[in-house]
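**Q** Any chance you can model this:
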Amino acid sequence: MLNEIIAIYAITDDLLKAIGHDEDCRRHMSDAEIITTALVAALFFNGNHSKACNYMLIA
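**A** Residues are numbered from 1 along each chain as shown. Here you go, the predicted structure:
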């Protein structure tokens, strides 16, 4: 599962850079990390965002 999460993050980050996405300077997490966490919740945790956040902190 970890390899899939890394691939999702890399693709998401590259896509955001390709479209010229600007991130807020006050952020603590990148937008790619937020999108990746949401996708991980949907793919691996049956949409449970809380479980996905806990997993992402541990992994």
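**Q** Report all helices and strands that the helix or strand of the chain with the lowest mean pLDDT contacts.
**A** Within the chain, no helix or strand scores below helix 49-58, which has a mean of 94 by mean pLDDT, DSSP states H and E. Contacts defined by 3 or more CB pairs under 8 Å, 6 or more residues apart in numbering; DSSP states H and E place helix 49-58 against helix 31-44. Every residue, glycine included, has its C-beta placed from N, CA and C.
**Q** CA-only coordinates of the helix it packs on in PDB, if you can.
**A** Provided in PDB are the C-alpha atoms of helix 31-44 (Å, rounded to 0.1, in the frame of the first residue of the first chain):
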ATOM      1  CA  ASP A  31      -2.200  20.600  -1.500                       C
ATOM      2  CA  ALA A  32      -0.800  17.400  -3.000                       C
ATOM      3  CA  GLU A  33      -0.600  15.900   0.500                       C
ATOM      4  CA  ILE A  34      -4.300  16.900   1.200                       C
ATOM      5  CA  ILE A  35      -5.500  15.400  -2.100                       C
ATOM      6  CA  THR A  36      -3.400  12.300  -1.500                       C
ATOM      7  CA  THR A  37      -4.900  11.800   1.900                       C
ATOM      8  CA  ALA A  38      -8.400  12.100   0.500                       C
ATOM      9  CA  LEU A  39      -7.700   9.600  -2.300                       C
ATOM     10  CA  VAL A  40      -6.100   7.100   0.200                       C
ATOM     11  CA  ALA A  41      -9.200   7.400   2.400                       C
ATOM     12  CA  ALA A  42     -11.400   6.600  -0.700                       C
ATOM     13  CA  LEU A  43      -9.200   3.800  -2.000                       C
ATOM     14  CA  PHE A  44      -8.000   2.000   1.100                       C
END
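**Q** quick one on the thing from earlier: now the angle from the least confident helix or strand of the chain to helix 31-44?
**A** 120 degrees (axes from the mean of the first three to the mean of the last three CA atoms, to 10 degrees).
**Q** All set now, cheers.
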